[in-house]
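Just the structure for this:
(one chain, ligands or ions: 2)
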Amino acid sequence: TQPVLLDVDTGVDDALAILFAVAHPEIDLLGITCVAGNTSLENVVANTLRVLDVADAPPVPVAGGALRPLIETPRASHVHGSDGLGELSTHPDFAHPRSTRAADPRHAVDLIRDVLLASTAPVTIVALAPQTNLALLLRQHPELAPRIDRILFMGGSAGVGNATPVAEFNVWHDPEAAAIVIDSGVPTFMYGLDVFNQVTIGRTDADALVASPRASARFAGRLLQFPMGDDPDAPDAATTDAAFATADARYTGHIGDAGALCALVDPGALRIERHPVRVELAGFARGQTIVDRRRRAGEDAIHAPGERAGSAGALPGPALVDVALDVD
Ligand code: BDR
Ligand code: CA
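Residues are numbered from 1 along each chain as shown. Ligands and ions are numbered 1, 2, ... in the order given. You can find the predicted model right below:
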């Protein structure tokens, strides 16, 4: 099994990823840290505990972290419904009658530190959210970097964005944090929109899950039915059972963040290339991940005009990132 820490902003598709992580035999889930992103930190923590209840997961520490990005103001995304969980956080079908699950009292950064120190093997961090918690960790405890096997993050894009024409939501929400993580020296793997948007499940399969006798399968089905995409014909938010029932038959379920965990356990399903990557921090393209896919990307690769070398004379090359570019 692989020791894994999840960092989330649950989030309809983060919820699918948590269900996957709990159920997958190769994943040893050591903890979950929460960050403001899709919805407020308070909602993210509550939603995460709710998902673990529905999954009937063994005890796993869940800690709240950053309330907001390093510099930006929080900009919750409304595509996940008013509660961030597709209106399922209060759905009676998924209430756990005897839940005693509560958030860990530690801050997310302290939980990650403790998990890294306690693990005998390097830990993979899977980040499905703005990377504020991870940037804080790497700034506060740089000595722990060697204990991280790699950071696999859902975020960025080598092509089009979703939050802006060129920026993907998680990186756009906290561009400085993403830049700190990518430039940290820890090996990184980018599961960006290039593949994120390709991994879908048909309406029929989602409906079959909804009809399951198992609560966690029904829950996954409901999450997959929630119209999160850009389909102009989809209801604004499926707030009632009737809205779910009338959702367009053309609908395709996006597994979203759960795909990053598929990439963890089955990397062979993806075309992955190592390229220099830089996060744009200024101007209209703020939050864009510039992936230098030229064949002879050199030291000049993606330095801004006028950027100055430090006293050592040479500009540091941009960080190399394993980028998932296509689904095979
Ligand atoms: C990312 O943003 C969020 O809406 C999703 O949970 C995913 O992590 C996609 O851009
Ligand atoms: Ca997410």
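
Any regions of the chain where pLDDT drops low?
228-251, 296-306, 308-316 (pLDDT under 70).

Regarding it, what is its longest strand?
strand 270-279 (DSSP state E).

what's the very next helix or strand once past that one packed up against?
Using DSSP states H and E, the next helix or strand after strand 270-279 towards the C-terminus is strand 289-291. With contacts defined as 3 or more C-beta pairs under 8 Å, 6 or more residues apart in numbering; DSSP states H and E, strand 289-291 has these neighbours: strand 270-279. Every residue, glycine included, has its C-beta placed from N, CA and C.

Using CSV, list the CA coordinates for the strand it packs on.
Taking C-alpha atoms only, strand 270-279 is exported to CSV below (Å, rounded to 0.1, in the frame of the first residue of the first chain):
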residue,chain,number,x,y,z
LEU,A,270,-2.1,8.4,-18.7
ARG,A,271,0.4,10.0,-21.0
ILE,A,272,2.8,11.7,-18.7
GLU,A,273,5.7,14.0,-19.8
ARG,A,274,8.2,15.9,-17.7
HIS,A,275,8.3,19.6,-18.5
PRO,A,276,9.4,22.9,-17.0
VAL,A,277,6.3,24.5,-15.4
ARG,A,278,5.9,28.0,-14.1
VAL,A,279,2.9,29.7,-12.4
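
Would you mark the buried spots in it?
270, 272, 275-279 (16 or more other C-beta atoms under 10 Å).

which residues in the stretch 101-250 of the chain form strands?
123-127, 148-154, 188-191, 200-202 (DSSP state E, counting those that start in this stretch).

Near ligand 1, which residues of the stretch 101-250 of the chain? Just list them.
128-129, 154, 162, 168-170 (C-beta under 6 Å from any ligand atom).

For the longest strand of the chain, which outside residues touch it?
Under the criterion C-beta atoms under 8 Å, 6 or more residues apart in numbering, residues 156, 171, 175, 178-179, 182, 189-190, 195, 263, 287-293, 297, 301-302, 317-328 lie in contact with strand 270-279.

Mind doing that once more with 6 Å?
Contact partners of strand 270-279, identified using C-beta atoms under 6 Å, 6 or more residues apart in numbering, comprise 175, 178-179, 182, 263, 289-293, 297, 301-302, 318, 320-328.

which ones are touching the most centrally placed residue in the chain?
Centroid-nearest residue in the chain, with C-alpha atoms, centre = their mean: residue 128, separated by 1.0 Å. The contact partners of residue 128, taken as C-beta under 6 Å, 6+ apart, are 8, 14, 17, 154, 257.

Dihedrals phi and psi, it?
phi -110, psi 20 (degrees, to the nearest 10).

Excluding residues flanking it in the chain, which one is nearest it?
Leaving aside its chain neighbours, residue 128 sits nearest to residue 257 (4.1 Å; criterion: C-beta to C-beta, 6 or more residues apart in numbering).

What number of residues are in the vicinity of that neighbour?
29 (other C-beta atoms under 10 Å).

and if you look at residue 212?
13.

wait, doesn't it sit right on residue 222?
No. Counting by C-beta atoms under 6 Å, residue 222 is not a contact partner of residue 212; they are 10.8 Å apart.

Identify the residues contacting whatever residue of the stretch 151-300 of the chain ends up closest to ligand 2.
Closest residue of the stretch 151-300 of the chain to ligand 2, C-beta to the ion: residue 257 (4.7 Å). Residues in contact with residue 257, defined by C-beta under 6 Å, 6+ apart, are 13-14, 17, 128, 154.

what about 8 Å?
Residue 257 sits next to 8, 11, 13-14, 16-17, 128, 154 when contact means C-beta under 8 Å, 6+ apart.

Now the two most distant members of those.
16 and 154 (11.7 Å; C-beta to C-beta).

In this protein, which residue sits nearest ligand 1?
residue 169 (3.6 Å; C-beta to the nearest ligand atom).

burial measure for the residue nearest to that residue when sequence neighbours are not counted, as a count.
In space, and not counting its chain neighbours, residue 169 is closest to residue 163: 4.4 Å by C-beta to C-beta, 6+ apart. Counted by other C-beta under 10 Å, the residues lying close to residue 163 total 15.
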